[in-house]
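Undergrad: pasting the sequence and the predicted coordinates here, then a few questions.
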Amino acid sequence: MFRFFCRWNWHKKLLRHKCRRILPNYSFSSSINSENIQQFKEKISKGPSLSNFITNNINHIPENDIVDYPPYLTSENNVSRKIYVETYGCQMNVSDTEVIYSILKQSGFEIVKDINDTDVIFIMTCAIREGAEQKIWSRLNYFKTLKRKHDAFYPHKLKIGVLGCMAERLKRKLIEKEKIVDIVAGPDSYKDLPNLLSLADEGQKAVNVMLSADETYADIMPLRINEKSKSAFISIMRGCDNMCTFCIVPFTRGRERSRPVSSILDEVKYLSDQGIKEITLLGQNVNSYRDLSTDIDSEMILSPGFKTVYKKRTGGLLFADLLDKVSDINPEIRIRFTSPHPKDFPDEVLHVINSKPNICKLLHMPAQSGNSEVLQRMRRGHTREAYLELINHIKKIIPNVAFTSDFICGFCDETEEAHRDTLSLIKEVKYEFAYVFPYSMRQKTHAYYDLKDNVPEEVKKRRAEEAHSVFRDCAVELHKKEIGNYHLIQVIGPSKRSESDWSGRNDWNTKVIYPQIPIPIEKDSNNCHLPCPGDYIVVQIHDCSSQVLKGKALYHTTLQEFYRNSFF
């Protein structure tokens, strides 16, 4: 209603403005009498003809006409407005923040890095676990204190906005009950932020948490947060249809939809031209990517032993085709992707990964549990046995593959025996890295309505600690096997613990520490220089821990050259 009123007001004023240019001395009044009618007739007879209108439209373009535009369309409202964004959660939230930067900058806002030098504070939120939300509430209370201090000294009030998954889930509590924030915007409403800011300035409730069936922000070129970094994220799809009973993502991010492949390839080319050396393709269920804008006859093929809760889809360009096209743009750019679902690893995807040296041989394989009964309650669509068969099948196709995983400890009705199955799965697979968390029941999920959160918190924490301990032991065992081996490292920069050491990442995304000294520009060369961020170097491993490899930098190389003469 507010928007309609603003537009009607604007059109009325614009009409009067134009009429006054034609009849400058005529007084507009709602009262009508014979004298007014006679005056109007006389002015019409002396006024412009049709030819005057045609000539006027062709030859005269007014430069200084002042029109009273609605506030949410007026760029002047955004002059000198400074925006600060604080981001929490997954890589998708980082990518969304870069989309927001681009939208706001195009609307005339200035992005700042100092929270004390801003007119608007946005916080990008995560709702996946209770702990993540508690951190957000703590920050909001801090922002409330900043707002009180700011508003006491400045005429323009400090605005606070909540973005992302928590915004959708707690919109009413944030705006009406707690009254901490001025703006609430869900994951699919970021294009509406300039309008929401104007509404907040007018004292209106600025809320948009509508989920979209097709929004992918494919038409927005993200503005990178860290322009110096040689790594970048590209969001290729949004939402999730898997409906795991523990997961809130389908309710905060909506249904699956994928970006057109052409827009993704354009962004990859742009990043390549900017000197980016590593790109991570993002999606809540990234390997279920399906570009329906392409007229391709394709069929959904699941990993053997896996099933879905939804009807199989047909048509469109699939993830294997996308990976193939992305990896061909620049063979010197490493390609990663996250977060996949184990059900979407058909052989076509595996063979593309194995055949392309620049597609990293690290697969994230979220298991969540090692017990088939727990997996059934989680609605994961597979058993323990099917998961292990897939792991072994992948190893046959991709010999140098490594795995990471997610585990939830203490899910509804999980027994000690079921927990031991999870520990044994970790020992059997031996993950390069594992994300282990105690179960946190979320409202709106299927588990919230259908299952009981009946494992005590102290038991959940103890089981999570045990799972993490087993993972660390297995990771050390894995890394010891790499001592003496040669790894291709992409240089990141100085180590946080030592000024003389630098760090980089290998193909498995493991951090590698090495002394920063000049090394040959290529193998057997006498010309040496210091490695720089983004460079590829060869490092021989001589020590390790569960999370880090340590070694000696030998020489510079290229990604393609290293794998042509591969030690790895």
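TA: Sure thing, it's come through.

Undergrad: just the buried positions in stretch 230-241, please.
TA: Across stretch 230-241, burial judged by 16 or more other C-beta atoms under 10 Å covers Lys230, Ser231, Ala232, Phe233, Ile234, Ser235, Ile236, Met237, Arg238, Gly239, Cys240, Asp241. For glycine as for every other residue, the C-beta is placed from the backbone atoms N, C-alpha and C.

Undergrad: looking at the residues you listed, which is nearest Lys311?
TA: Asp241 (9.9 Å; C-beta to C-beta).

Undergrad: ok, the closest one - contacts?
TA: Pro250, Arg255, Glu256, Asn285, Ser288, Thr308, Val309, Tyr310 (C-beta atoms under 8 Å, 6 or more residues apart in numbering).

Undergrad: cool, Arg253 as well?
TA: For Arg253, the contact set (C-beta under 8 Å, 6+ apart) comprises Cys165, Pro187, Leu211, Arg238, Gly239, Cys240, Gln284.

Undergrad: wait, the first one touches Ile248, no?
TA: Read that as Cys165. Yes - Cys165 lies in contact with Ile248 (C-beta atoms under 8 Å); the separation is 7.3 Å.

Undergrad: thinking again about what came up before, how about the buried residues of stretch 230-241 in a markdown table, adding pLDDT, distance to Asn371 and secondary structure?
TA: Listed next are the buried residues of stretch 230-241 as a markdown table, based on pLDDT from 0 to 100; distance: C-beta to C-beta, whole Å; DSSP: H, G, I helix; E, B strand; the rest coil:
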| residue | pLDDT | distance to Asn371 | secondary structure |
| --- | --- | --- | --- |
| Lys230 | 97 | 41 | coil |
| Ser231 | 97 | 36 | strand |
| Ala232 | 97 | 38 | strand |
| Phe233 | 97 | 33 | strand |
| Ile234 | 98 | 36 | strand |
| Ser235 | 98 | 33 | strand |
| Ile236 | 98 | 32 | coil |
| Met237 | 97 | 30 | strand |
| Arg238 | 96 | 31 | strand |
| Gly239 | 95 | 28 | coil |
| Cys240 | 95 | 23 | coil |
| Asp241 | 94 | 24 | coil |
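
Undergrad: just put those in TSV and tack on distance to Ser263.
TA: Listed next are these as TSV, based on distance: C-beta to C-beta, whole Å:
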residue	distance to Ser263
Lys230	22
Ser231	20
Ala232	15
Phe233	15
Ile234	10
Ser235	10
Ile236	9
Met237	12
Arg238	13
Gly239	17
Cys240	21
Asp241	22
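
Undergrad: kindly indicate which of the residues you listed lies nearest Phe407.
TA: Of the buried residues of stretch 230-241, the one sitting nearest to Phe407 (C-beta to C-beta) turns out to be Cys240, at 18.7 Å.

Undergrad: wouldn't that closest one be in contact with Thr308 here?
TA: No - using C-beta under 8 Å, Cys240 is not in contact with Thr308, being 11.5 Å away.

Undergrad: which residues touch the helix or strand containing Trp502?
TA: Per DSSP states H and E: Trp502 is located in strand 501-505. For strand 501-505, contacts defined as C-beta under 8 Å, 6+ apart pick out 278, 489-495, 511-516, 531, 537, 539.

Undergrad: hmm, who's touching the helix or strand following it?
TA: Per DSSP H and E, the first helix or strand lying C-terminal to strand 501-505 is strand 511-515. For strand 511-515, the external contacting residues (C-beta under 8 Å, 6+ apart) are 487, 489, 495, 498, 500-506, 537, 539, 541, 547-553.

Undergrad: after strand 511-515 comes which helix or strand?
TA: Next along the chain after strand 511-515, taking DSSP H and E as the criterion, comes strand 519-520.
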